[in-house]
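**Q** Sequence below, structure please.
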Amino acid sequence: MSDKYTSQGTPASDPDWLSAALAGIISVIVVGAIVWIGFNPDIITESIPSPFGISGALAGWGLLVVIGLVVGLAYATLNTISVISAWASTARTGTITGLIFGILLWVLAILVVPFLVGDGIESIGDYAVSVEGFLGYALLGVLIGFLYLLIPIIRAR
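**A** Okay, the predicted model is just below:
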C-alpha cells in the first residue's frame, strides 16, 4: 500500500467526514461527561457558553456538540496530508496523532480563543490552564484519533 492511502485503502486526500464528525461529537460528549461528573458542571453551563452571552446546560452541551463536530472535521482535514494520514493509520499511531492534536487544541484554547471570543487574557478560564484542562484536551484528542479509525470499521459491519 502506498503512502497516499490509509489502512482502510481510501485515498488520504479523501477523508471520511462522517466518521470524523461522529468521532468529534462522541469524544466531546465523553470528555464533557467527565468534566460534568468529576469536576464542575459550571464549566459546561457557564464557562463554555458565556463568551457567546448565553448560559445553561442546554447552551453548554449544544456548544460542546458543535465544538466536537468542528474539531472532528479539523482532525480529518489534517488527515488529508498524506504523511499524517499514512502515519496515523493504525490504532497506536492514530491515538498518538490524536494526542498531539488534543495538545494543540489546548494551546489554541489558551492562546487564541480568549482573544477571539472573550476579553483577552482575563477570559482564560481556570479550567483551561489547569492540569485537568490539559488532560481533558489530551483525552479529547486521543479519543478522536482512535475513533476516527474505529468508526469506519463499525460502520462497515
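
**Q** State the mean pLDDT of stretch 25-35.
**A** If you average the pLDDT over stretch 25-35, you get 96.

**Q** Put the alpha carbons of that stretch into CSV.
**A** Taking C-alpha atoms only, stretch 25-35 is exported to CSV below (Å, rounded to 0.1, in the frame of the first residue of the first chain):
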residue,chain,number,x,y,z
ILE,A,25,-19.1,14.5,18.8
ILE,A,26,-18.7,11.3,20.7
SER,A,27,-15.3,12.4,22.1
VAL,A,28,-16.5,15.7,23.3
ILE,A,29,-19.6,14.1,24.9
VAL,A,30,-17.3,11.7,26.8
VAL,A,31,-15.0,14.4,28.0
GLY,A,32,-17.9,16.7,28.8
ALA,A,33,-19.5,14.0,30.9
ILE,A,34,-16.2,13.5,32.8
VAL,A,35,-16.0,17.3,33.4
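
**Q** Now do the same for the spatially most central residue of the chain: its pLDDT.
**A** Nearest to the mean C-alpha position of the chain, by CA atoms, centre = their mean, lies residue 71 at 4.5 Å. As predicted, residue 71 sits at a pLDDT of 97.

**Q** Could you measure from it over to residue 83?
**A** 21 Å (CB to CB, to the nearest Å). The C-beta positions use only the backbone N, C-alpha and C, and glycine is treated the same way.
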